[in-house]
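> Return a 3D structure for these sequence lines:
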Amino acid sequence: YKEPKFNTVDAVKSLEKAISELGKALPGYEFIKVLDQGTYINNSIGEVKNTLIIGILLAVFVLYIFLRRIGTTLVISIAIPVSVIATFNLMYFNHLTLNIMTLGGLALGAGMLVDNAIVVLENITRLREEGMELKEAVINGTGQVGAAITASTITTIVVFLPIVYLHGASSEMFRDQAWTVAFALLSSLVVAMLVIPMLVSTLFSDKKKKAVISAPVKFTWYTGFLEKTVEKRKLVILLAVILLGATAFLIPRLGSEFMPKSESAEFTIELKLPEGTSLERTYSTAINTEGIIRELLGDKLRLIYSQSGEDITSTLSQTSAVKGENTASLKVILADEYASETENAITLIENYLKTVPGMEVSFTREETALQTALGTTESPFALEISGKDYNELEKILNESKVILEQNPGLYNLTTSMDEGSPEVEVSIDRFKTSYYSVTVESIVNQVRSYLQGAAAGSFEREGEMKDITIKLGDISLHQLRDLMITAGNVKVPLSELADIRTIVSPKEITRRNQSRTCYIYAMVRPDMAFDRIVRDAASLLNSVTFPADYKITFTGEELKRKESTSNLTFALILSLVLVFMVLAAQFESIVQPFIIMLTIPLAGVGTILTFFILGKSLNMMAYIGIIMLGGIAVNNAIILIDRINQLREAGMEKKAAIILAGSQRIRPIIMTSLTTILALLPLTIGIGESASLRSPMALAVIGGLVSSTLLTLVIIPCVYWVFDTFSSFVRGRNKPAVEAL
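Reported below is the predicted structural model:
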């Protein structure tokens, strides 16, 4: 086992080197790695690195499509490496290392690193197009958007604060990622405010009157569209309300789970033969089963190996099933290209082996290091039954297990009261011991001597002293009854002094909160939503009659799912409060922050539709993405509302200010959204064992950002008009009262 203070990858490398040296010293022997979390970590880090690079390249490609000038594209793209280098420095001083989570944070923030630079450069360009001198355009252009991009950056960062200070798996796993994203965004803000203006003023000549950006991508149609939209604002707002209501109707239809399942190419098969089966028989059965699996899987199988009997130090399987001479474990590893077919392979083997009489079969999907750290369990479904009487608990347990077997989402049902090991119980009759004048201790010692042996001296052999122990060989129950016990001056058989019988003892007896407890464990079908499986189980269990003081509780991943959902819901609410406080400070208003924060439910529309269309369940990773959306979705509205305020402060009429601000800000809004979306896209389609863990977070952000961007450009101007009109009406009514005071 690895010491906690050592790095897993380094420990594996050292071990591989030692094994290589051992192999040279033992020719003819082959060493096969049974478990190697170092390979998983290396592969996962490599996947995230590739994803990060692809995301950056896609973001730069989007910039070039909009800008159509290599020089200008490079000016904005410079924000990425500079921000990344600055982030590495901040990580170093905060003792953060490069790992799956911190690199994942960089991958999540890759597209956002250029957002601030795009807004700054685009505003400088607009002023140049209006004929302003380069130096003046750089100063005024940066100053006009400085407050807006600062506010948008802070809103994105503050949503991570509740996650950082939460307790449990959410905080432990995402704390490093949150800090990394925060450092990256702060770095990008500094680059946009200082580096980009310097590069523009240095690299572009003031003699050329053409714009810094010569972009063929124009949105001239949006001006007329926005004008008609504002005129029909009541209809637009009504349609938006209907859309939000219809989307809310879909939420209960989405499944929910604790963590997404990783497509691991490995699984373990646990075989259990009748109690008392010899180790030789168990080994023979395991070898035969291994041959059957090879025939069933064919070329899909990369490696299979087995272990028969009990070995408490074995890491062949991650399961904690009770081992004995009658049990065997077979670890199956599929070829990498068939990793997505693991569930089909399990079903195929299960359907064949369950027809074999006298053998119980169970399956365990192997978990990755990240899933293990997040607390996923080998049996996701767990039901606790508690009460006082052991026999009553056993009755309820068996009845519940039979009923739960009707749930199509569950398989591999086992219980904590599964038949234990057979034992021989010797109940000594104290009346007879008194009659024969023999003590209980004497009887116990004599039986122990027969079965375990008694020392009978020692002898010298090859210069070493060897102990001599005399004991009986393996004996039957009948022979045990006939063991002669010395009782005073006579010898009597053990059966004369005690009642001897065979019993089956339970494997474990647990207590919690002063009550006896027992458990039902099961695996769940990955193609069914976990929360629906639990609901169906609860519905089936309604038919079970429970005496008073007996109750059932869903534990396992269901308990963790509820806890994480509760924690992340609190984090979402707190993050929204923080976002509102930042916006209220920026705009010095209570009304306008409400307008801007309406983009958050609009983002929720896209997230819910994305998961509904793809048939995916919401999980902890998706909830983290939703919390991120709370800070990202408002950025477009901040830029838009800030420009409207600037134009109205300059004396422009409300409708004209809304339309002009929309036409001026649509290009940076579309560009920043596209760079963020395309930079996240590789996270949704990445391949590898950890890709399925990153995908829900990226899908939540992408879906929400698409809907919030499109709907912001349509709905927010209309909502701004309505709220501003209402505010003016309220101020008009209150004005006489104020003057009277």
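
> what's the distance between Gln307 and Glu290?
11 Å (C-beta to C-beta, to the nearest Å). Heads up, the C-betas are built off the backbone N, CA and C, glycines and all.

> Give me the mean pLDDT for the top strand by length along the chain.
Determined from DSSP state E, the single longest strand within the chain is strand 515-524. For strand 515-524, mean pLDDT rounds to 85.

> and if you look at stretch 724-736?
Here the average pLDDT along stretch 724-736 is 68.

> Likewise for stretch 345-357?
84.

> And stretch 74-86, by the same measure?
Computed over stretch 74-86, the average pLDDT equals 85.

> Same check on stretch 187-204?
87.

> got the buried residues for that stretch?
187-189, 191-193, 195-197, 199-200, 204 (16 or more other C-beta atoms under 10 Å).

> For those residues, give me CSV that also has distance to Asp536.
Supplementary listing: these in CSV, determined by distance: C-beta to C-beta, whole Å:
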residue, distance to Asp536
Ser187, 49
Ser188, 47
Leu189, 49
Val191, 53
Ala192, 52
Met193, 55
Val195, 57
Ile196, 56
Pro197, 60
Leu199, 60
Val200, 61
Phe204, 65
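
> For Leu161, state which of those is nearest.
Leu189 (16.9 Å; C-beta to C-beta).

> residue nearest the centroid of the chain?
The centroid of the chain falls nearest to Met259 when counting by C-alpha atoms, centre = their mean (4.1 Å).

> Now it: phi and psi?
phi -140, psi 150 (degrees, to the nearest 10).

> Likewise for Asn619?
When read as degrees, to the nearest 10, the backbone of Asn619 gives phi -140, psi -170.

> Touching, it and Ser256? I think so.
Yes: Asn619 lies in contact with Ser256 (C-beta atoms under 8 Å); the separation is 7.1 Å.

> Of those two, which one has the most company?
More crowded of Asn619 and Ser256, by other C-beta atoms under 10 Å: Asn619, with 24 against 21.

> next one: stretch 246-266 to chain centre, how far?
Put simply, stretch 246-266 sits 11 Å off its chain's centre (C-alpha atoms, centre = their mean, to the nearest Å).

> hey, where'd the helices end up in the stretch 101-250 of the chain?
Assigned by DSSP state H, counting those that start in this stretch, the stretch 101-250 of the chain shows helices spanning 115-129, 134-158, 161-164, 169-190, 196-203, 220-231, 233-250.

> got those helices as CSV, with distance to Asn445 columns?
Converted to CSV, the helices of the stretch 101-250 of the chain look like this (distance: least, C-beta to C-beta, whole Å):
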stretch, distance to Asn445
helix 115-129, 82
helix 134-158, 73
helix 161-164, 63
helix 169-190, 53
helix 196-203, 89
helix 220-231, 96
helix 233-250, 74
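
> Any idea which of these gets closest to Ala585?
Closest to Ala585 of these is helix 134-158 (C-beta to C-beta; 8.3 Å).

> give me phi/psi at Glu130?
phi -80, psi 0.

> no no, Met132
Dihedral angles (degrees, to the nearest 10) for Met132: phi -70, psi 150.

> Nearest residue to it in space, ignoring adjacent ones along the chain?
Asn140 (7.0 Å; C-beta to C-beta, 6 or more residues apart in numbering).

> okay but that neighbour is in contact with Glu130, surely?
No: using C-beta under 8 Å, Asn140 makes no contact with Glu130, being 10.4 Å away.

> related to what we said a few turns ago, and which of the buried residues of stretch 187-204 is nearest Ser589?
Using C-beta to C-beta, the buried residues of stretch 187-204 come closest to Ser589 at Leu189, 22.8 Å.

> measure that closest one to Ser264 for me?
40 Å.

> Return the list of helices and strands in contact with the helix or strand hosting Ile468.
Ile468 is part of strand 464-470 when elements are defined by DSSP states H and E. Secondary-structure packing of strand 464-470 (3 or more C-beta pairs under 8 Å, 6 or more residues apart in numbering; DSSP states H and E): strand 454-461.
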